[in-house]
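In: take this sequence and fold it.
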Amino acid sequence: MLHHPAALPVASFMHVKTDHMEKELTSSPSIGKLLNVHFVYNLDTRTWAYTDGRLTEITGVLPAEAPQLLKMIEPDDQVMVHMAYKQLQENKLLSPLRLRVKGRDGYHWIELSAIQLELSGTNCLIGTVYDITADMEHEAELAKYANKKNSILHMLSHDLRGPLSVAGSLAKSLRKDFADEAAQQKIEAISGMISQAIDLIVDLTKREFLDTTEVALVIKPTNLAEALAQYIAECRLSATLAERHFHFHSETDHLMVAIDEPKFMQVMNNLVSNALKFTHPGGNIRITLGQDGDWVIVTVSDDGIGIPEDLQPFVFERYSRARREGIQGEPTEGVGLSIVHAILAWHGAEISCKSKEGKGTTFIIRLPGFRQT
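Out: Below is the predicted model of the structure:
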């Protein structure tokens, strides 16, 4: 993805003389060049002190009062604007804001960086704006393939590895039935090839899980209800092979959150893969989505063998002492749930676990929702 220069930090303006700034604020339009920004908005008079025309290029209209521009923003993103403005007033807006604005030829994605400064006694909003529509469309395409990749990983980590483990056990049991050396060598060769295939799958999935933590977050508005519905649809494509039943229930079909979608779906993939390992054939895996006040609640539950009570406090540890082989002998590296915990922490989210042996396990994710202020 392309990265655009953000608005300059406050310190970079300190070299500008106050008397010169005062003249520029009254005379414009050279103020933009002076500050190397795309717009300057006078918060006291609610007027534009300077704009370089970029907003006009995107929207097709001349910049007007802020409320008029706000109406051109995608409704789902307007809440983010209110949140960002509050953070801006508290000097807590540390990253650019990405949102959709209605232009002359449809919606455009823009990346907005801004700071609030007092210039010669005047409160101003100073910033940059870039049209990143092409970048975001590219990211959306990557996210689509990332979800398909997650589905393939899901198939590799359980649907193929499980049967291979069973085949390996059967091959070893054949050694007792054949005494001659030639047969023993063939059985040993079969066992070796199965072990190599399992090791390859384990290595591939482990590398993918670890690589996930090394890529920076790309937060954007996401309809989580739609994303989870698409994910469960991918899971159901392998339901016959997995011999498990997948269920999804959402309180609504439209629930917006600010997340890095590929990373969040990796969280879901890790949790579902974990459920598959400890749920018997014919069992059920359920995902639910709802709200609790300002929090979005996602649960992933199964009716599998459950987690012993003494191990539950350690399930999110890296290389956890709670790691166990799956019910079909699937090996574990003990990192999947620790990665889940880390990714959710980056999102300001929480995860907890409830389990009872012989009854199943439920993981509960509490994700910050949009708060209009």
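
In: give me the phi and psi for N269.
Out: In terms of degrees, to the nearest 10, the main-chain angles of N269 are phi -60, psi -40.

In: can you give me the helices for the stretch 151-300 of the chain?
Out: Assigned by DSSP state H, counting those that start in this stretch, the stretch 151-300 of the chain shows helices spanning 161-174, 181-212, 224-237, 239-242, 261-277.

In: mean pLDDT lowest for which of those helices?
Out: Across these, helix 239-242 has the smallest mean pLDDT, namely a mean of 63.

In: poorly predicted segments of the stretch 251-373 of the chain, please.
Out: 319-323, 325-326, 328-335, 370-373 (pLDDT under 70).

In: how about the strands in it?
Out: Remark: strands assigned in the stretch 251-373 of the chain by DSSP state E, counting those that start in this stretch are 256-259, 284-292, 295-302, 350-356, 360-368.

In: partners of the first one, with directions?
Out: Sheet pairing here is set by DSSP bridges, and for strand 256-259 it gives strand 220-223 (antiparallel).

In: give me the contact list for the partner strand.
Out: Under the criterion Cβ atoms under 8 Å, 6 or more residues apart in numbering, residues 74, 76-77, 80, 98-99, 136, 139, 254-261, 264 lie in contact with strand 220-223. The way it works is simple: take the backbone N, C-alpha and C, and place the C-beta from them, glycine included.

In: which secondary structure state is assigned to the residue nearest to N91 when sequence neighbours are not counted?
Out: In space, N91 comes closest to Q116 once its chain neighbours are excluded; the distance is 7.8 Å by Cβ to Cβ, 6 or more residues apart in numbering. Here Q116 is strand, with the state taken from DSSP: H, G, I helix; E, B strand; the rest coil.

In: is Q116 in contact with L125, as I believe?
Out: Yes: taking contacts as Cβ atoms under 8 Å, Q116 lies within contact range of L125: 5.7 Å.

In: what is in contact with these two at once?
Out: Residues touching both Q116 and L125 by Cβ under 8 Å, 6+ apart: 43, 88.

In: give the contact list for the residue positioned nearest the centre of the chain.
Out: Closest to where the C-alpha atoms of the chain average out (Cα atoms, centre = their mean) is D260, at 2.7 Å. Listed by Cβ under 8 Å, 6+ apart, the contact partners of D260 are 217-220, 346-347.

In: from those, pick the one nearest Q184.
Out: W346 (51.9 Å; Cβ to Cβ).

In: so how many other residues sit close to the closest one?
Out: Per other Cβ atoms under 10 Å, the neighbour tally for W346 reads 14.

In: and it, what does it touch?
Out: 217, 260, 263.

In: how about 6 Å then?
Out: Going by Cβ atoms under 6 Å, 6 or more residues apart in numbering, W346 touches L217.

In: what of the one 3 residues further on?
Out: Taking Cβ under 6 Å, 6+ apart as the definition of contact, the neighbours of A349 are 365, 367.

In: redo that, cut-off 7 Å
Out: 365-368 (Cβ atoms under 7 Å, 6 or more residues apart in numbering).

In: any of the contacts of D260 buried? List them.
Out: If you count burial by 16 or more other Cβ atoms under 10 Å, the buried members of the contacts of D260 come out as 218-220, 347.

In: nearest to R244, of those residues?
Out: H347 (27.4 Å).

In: isn't the closest one up against I259?
Out: Yes: with contact defined as Cβ atoms under 7 Å, H347 counts as touching I259 (5.9 Å).

In: one step back: how much space between the residue nearest to N91 and I110?
Out: Here the criterion is Cβ to Cβ, to the nearest Å. By it, Q116 lies 19 Å from I110.

In: please name the nearest non-neighbouring residue to D253.
Out: Nearest one to D253, counting by Cβ to Cβ, 6+ apart, is A225 at 5.1 Å.

In: over to A167?
Out: I194 (5.5 Å).

In: so that neighbour versus Q185, what's the distance?
Out: 15 Å.

In: the more surrounded of these two?
Out: Comparing I194 with Q185 by neighbour count (other Cβ under 10 Å), the higher total belongs to I194, at 20 against 10.

In: what residues are up against the more buried one?
Out: 164, 167-168, 171.

In: swap the cut-off to 10 Å and go again
Out: 163-172 (Cβ atoms under 10 Å, 6 or more residues apart in numbering).

In: TSV for these, including neighbour count and distance to R324?
Out: Conversion of these to TSV gives the following (neighbours: other Cβ atoms under 10 Å; distance: Cβ to Cβ, whole Å):
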residue	neighbour count	distance to R324
P163	13	19
L164	18	19
S165	19	14
V166	13	17
A167	16	21
G168	19	18
S169	13	17
L170	12	22
A171	19	23
K172	14	21
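
In: alright, that wraps it up for me.
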